[in-house]
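J.: here is a sequence together with a model predicted from it:
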Amino acid sequence: MRSHFLNKSPAKIPHKTIICATLQFLIGTTLIVTGCLLLTGYMKHVGTSRAIAVLIVGILVFVPGCYHLVIIYRTCRGCQDYSYSDLPDCED
């Protein structure tokens with residue numbers, strides 16, 4: 001008698017979630033770089049408070065995007081403790 005675990009179908013890949021995580025990562029990275037360039041004066045000087053605000057928003061967008069991309073990467077690599085069910089559902 002075969003075990004029902006052997007008949008398990010592979011997990012459905014959440015394409016929209018992967019796109020959202022990638023966009024969060026890229027937008028966060030862009031905002032962090034922009035905030036750093038504003039703070040150092042390489043870009044048009046807009047004031048320290050605005051540069052810090054851009055930097056903080058960049059960090060707040062970057063961190064979850066990076067976290068979700070790590071989960072996606074580890075799931076693709078087949079690590080046992082990671083699965084697509086650990087990600088938020090963006091498939092609506």
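T.: Cool, got the structure. Numbers count the residues shown, from 1 in each chain.

J.: from the contact counts, what lies against whichever strand or helix holds Ile52?
T.: Assessed by DSSP states H and E, Ile52 sits inside helix 48-77. The contact analysis (3 or more CB pairs under 8 Å, 6 or more residues apart in numbering; DSSP states H and E) places helix 48-77 against helix 15-40. Placement of C-beta: from N, CA and C, glycine included.

J.: what's near enough to touch Leu69?
T.: 21-22, 25 (CB atoms under 8 Å, 6 or more residues apart in numbering).

J.: among the residues you listed, who's most crowded?
T.: The most crowded member of the contacts of Leu69, judged by other CB atoms under 10 Å, is Ala21 (23 neighbours).

J.: so it makes contact with His68?
T.: Yes. The pair Ala21 and His68 passes the contact test of CB atoms under 8 Å, sitting 3.7 Å apart.

J.: common neighbours of those two, please.
T.: Counting by CB under 8 Å, 6+ apart, the residues touching both Ala21 and His68 are Leu87.
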